[in-house]
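Undergrad: okay, here's the prediction I keep looking at, along with the sequence it came from:
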Amino acid sequence: MSVALDDRPTNASGHGRLLVLALTWLAPAIVAAAFLWLIGDVVLRGIGGVDWNFIVDVPRNAGRAGGIAPIIVSTFLVILVCVAVAVPLSLFAALFLAEFSRASVPMSRIIRLSLNCLAAVPSIVFGIFGNALFCVALGMGYSILSGGLTLACMVLPILIRTMENAIRAVPEDYRLGAAALGLSKSQVIIRVILPLSIPGLLVGLLLGVGRALAETAALVFTSGYVDRMPSSLLDSGRTLSIHILDLSMNVAGGDKNAYASVLVLGVLILVINSGIAALLFFSKRRSGLTS
Amino acid sequence: MNAGSRSFGRFSVMGFLAVFVLSVLSTGVSATERLMVTGSSSVAPIALEIAKRFEATRPDVQIEIQTGGSARGIHDARKGLADIGMVSRRLEPSEGDLTGHTIALDAVTMITHAKNPILGLDRSQIIDIYTDKIDDWSQIEDFKGPIVVVNKADGRSTLEVFLKYTQLKSNGIKSDIIIGDNEQAIKTVSTNPLAIAYVSVGASTYHIENGLPLRMVAVDGVVPNAKSLAEGNLPMIRELNFVTAGMPEGLTAEFIAFATSPSVADILDAFYVLPPAE
């Protein structure tokens, strides 16, 4: 844009500059319009169905009446299992890739290749894999646990990638300085590298949770369809996105509450993301890094 | 010193988490009797409501409904992964190892946009529309425009009912749009005056009552309404079945008996499906 607004005479014709200027304004305008239309549509159609009862009541009449309390609880539990498993696993994997192996070593190349492949796998495949492994082979059945673990497998690539980049972004001088002071490798990691890479780790978490919250296909076959209030992690629990799918596809007259649920899901994503963004803001201030 | 106390803090947090997870896991092991029901996603919402009513009379019982399509219902019932499979079509001769229990009937009908003046079609016209021998509405009625033929994806039970009625093969159908289920078909036709689709009478009745611009077309002269449904005159009918491997026993038998009893009539009504004929 700075090019187009530049006053200095250039070789580019006036028309060309105008075109570039128009395109650079038009493209974001289209994106913003699509976003606003989507949000507007969801809010307008959903707001009428959301009240306090909708949040605290159980679904009745196949979700056409009543509320979504058990579904919100199940959604939270599935995300909790996913994060509790995926975050430590990907943190250590990222540490290995960034600190303990050279990029050219076959082992780390294989890991990177498999991560890229995993990231490209459609989520329905994760669903069927999760069903075969967690539900059937490991005997967890349709449960929140199976669903959370399946989601964890699904968000691993994105988490490891962002965490690895965050760790790599810590300046090399810091490592050398810490080593010169006589700190061991593990001390450097715990005292220097991890605190400094927290903002990056949070960004990974943000992307992972976002993907997990929106997931449907991977959960239909793992956390399942039951809309009862879960009493343990071994109970099947329906998440918001599955509830929305069922109401809009299988239940005649479920549209109104489907829109209301979409609105709740939207607000939930907004709240979780702002929470992580706030953490990000404070951790950046604390670390003193501006990058 | 400082480092020591901090790492102790970390360990206590992990210990707390472990205890929490274990306690949450262990509460799942209780004395409730469980029944697993999997299969057709169009039967699932109905089965879920029936299950809730059954559970209200039997607090010691939990019925788990899971979806995945009729094929999954057949598979799971056969392999013993489910006590009951849900199948939204009649059982085939090759499925003689399974016992079917019809819980409801759902008729399939042709729908068009309310602006379309067509009131009735017969079987040969429907076949010609779905094989592109008739490709403009003007060939049937005083209404101009290319016909937008809406078909369902393979494996959908309404497609199977439609194929059985028309005796067409799935790959012989020439369609403009292929969609997955009734709700999608209804949305497509209600926004396109040139479209035609086949959908469940139950779903379309609901949407017509709620003001969507749709019309159920008379097929072979039979108009889908409460009377023709009750008399079983409609040419395209699908069964909504519970299937079991062999004869059901114990809790399975109890639940099936409940699901086929008059005490669920209002639930069937709420889904616009019919109780099975005696």
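TA: Now that the structure is in, tell me what you want to look at.
Undergrad: any regions of chain B where pLDDT drops low?
TA: Along chain B, the parts satisfying pLDDT under 70 run over B:1-31, B:155, B:277-278.
Undergrad: nearest the geometric middle of it, what residue?
TA: B:Ser42 (1.7 Å; CA atoms, centre = their mean).
Undergrad: against A:Glu164, how distant is that residue?
TA: Distance check for B:Ser42 against A:Glu164: by CB to CB, to the nearest Å, it reads 45 Å. Using the backbone N, CA and C atoms, a C-beta is placed for each residue, glycine as well.
Undergrad: cool, B:Arg89 as well?
TA: B:Arg89 is 50 Å from A:Glu164, where distance means CB to CB.
Undergrad: pull the contacting residues for residue 76.
TA: All of this is about chain A. Contact partners of A:Phe76, counting by CB atoms under 8 Å, 6 or more residues apart in numbering or on different chains, are absent.
Undergrad: chain B was what I was after
TA: The contact partners of B:Asp76, by CB under 8 Å, 6+ apart, come to B:Met36, B:Thr38, B:Gly39, B:Gly68, B:Ala82, B:Gly85.
Undergrad: tell me, how many residues neighbour the third one?
TA: Other residues near B:Gly39 number 30, with proximity taken as other CB atoms under 10 Å in any protein chain shown.
Undergrad: before we move on, back to that, which one of B:Arg89 and A:Glu164 has more residues nearby?
TA: A:Glu164 (26 against 21).
Undergrad: so that one sits against A:Phe100, correct?
TA: No: the pair A:Glu164 / A:Phe100 is not scored as a contact, 11.5 Å apart, by CB atoms under 8 Å.
Undergrad: shaky segments in chain A?
TA: A:1-13, A:287-291.
Undergrad: can I see the domain layout of it?
TA: Chain A breaks down into these domains under automatic domain parsing: A:2-49, A:72-287.
Undergrad: look up the closest residue to B:Asn192, ignoring the ones flanking it.
TA: Using CB to CB, 6 or more residues apart in numbering or on different chains and skipping residues adjacent in sequence, the residue nearest B:Asn192 is B:Val148, 5.7 Å away.
Undergrad: what about that neighbour, distance to B:Leu119?
TA: Taking CB to CB, one finds B:Val148 at 19 Å from B:Leu119.
Undergrad: give me the more crowded residue out of those two.
TA: B:Val148 (18 against 12).
Undergrad: ok, the residue nearest to B:Asn192 - contacts?
TA: B:Asp176, B:Ile177, B:Asn192, B:Leu194, B:Ala195, B:Ile196.
Undergrad: one more time with 10 Å
TA: By CB atoms under 10 Å, 6 or more residues apart in numbering or on different chains, the residues touching B:Val148 are B:113, B:137, B:175-177, B:188-189, B:192-197.
Undergrad: ranges for the helices of chain B?
TA: Remark: helices assigned in chain B by DSSP state H are B:2-26, B:44-57, B:70-79, B:123-130, B:157-166, B:182-190, B:201-209, B:226-231, B:250-259, B:265-270.
Undergrad: need these in JSON lines with distance to A:Gly46, can you?
TA: Converted to JSON lines, the helices of chain B look like this (distance: least, CB to CB, whole Å):
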{"stretch": "helix B:2-26", "distance to A:Gly46": "32"}
{"stretch": "helix B:44-57", "distance to A:Gly46": "21"}
{"stretch": "helix B:70-79", "distance to A:Gly46": "31"}
{"stretch": "helix B:123-130", "distance to A:Gly46": "37"}
{"stretch": "helix B:157-166", "distance to A:Gly46": "29"}
{"stretch": "helix B:182-190", "distance to A:Gly46": "17"}
{"stretch": "helix B:201-209", "distance to A:Gly46": "19"}
{"stretch": "helix B:226-231", "distance to A:Gly46": "33"}
{"stretch": "helix B:250-259", "distance to A:Gly46": "33"}
{"stretch": "helix B:265-270", "distance to A:Gly46": "23"}
